[in-house]
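>>> With the input below, show me the fold.
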Amino acid sequence: MAKKIIGNLKLRIPAGRATAGPPVGSTLGQWGLNMMDFINPFNDATKDLMGKDVIVHIQVYEDRSFTWNSLGQPVDDLIREAAGIKKGSAKPHTDKVGTITRAQLEVIAETKKDQLNAIDVDGRVKVIAGTARSMGVEVTE
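So this is what the prediction gives:
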């Protein structure tokens, strides 16, 4: 019989730098979880992405055990890196802050292919391009 899930947590944590302090410690502590059982494996698994943020999904079970899955960098971070900008536009439809090419979108789409809800490469590129446009990044061919 499967364990009953009592919580789904989503965290954005610096890769390789999870500590018992906030946000990890305070979030896991609320659920009564042993935070070191998460922190050490997470830091080992993400040390190659040091200095970047990582999205993590944690499923908490009724017996206070848990499983976690790292989804890698968020799409907006990948777009900012590819476009060479620090942040998106406050008025994305009028103020453009950078440009990104279709080839760069394809690389990002390939990186995030398991997390995107699209059937093929063109669909994934359209999803990433929509995110880029909503950040004020112009998409060029």
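>>> low-scoring pLDDT stretches of this protein, where are they?
The chain contains residues with pLDDT under 70 at 1.
>>> Show me the strands in it, by range?
5-14, 53-61, 66-72, 98-101, 137-140 (DSSP state E).
>>> could you redo those strands as a markdown table and give each row mean neighbour count and distance to D37?
Heads up, the C-betas are built off the backbone N, CA and C, glycines and all. Listed next are those as a markdown table, based on neighbours: other C-beta atoms under 10 Å; distance: least, C-beta to C-beta, whole Å:
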| stretch | mean neighbour count | distance to D37 |
| --- | --- | --- |
| strand 5-14 | 14 | 14 |
| strand 53-61 | 18 | 11 |
| strand 66-72 | 15 | 8 |
| strand 98-101 | 18 | 39 |
| strand 137-140 | 16 | 39 |
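>>> Could you export those strands as TSV, including distance to T111?
Shown next, in TSV, are the strands of the chain (distance: least, C-beta to C-beta, whole Å):
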stretch	distance to T111
strand 5-14	17
strand 53-61	13
strand 66-72	7
strand 98-101	14
strand 137-140	17
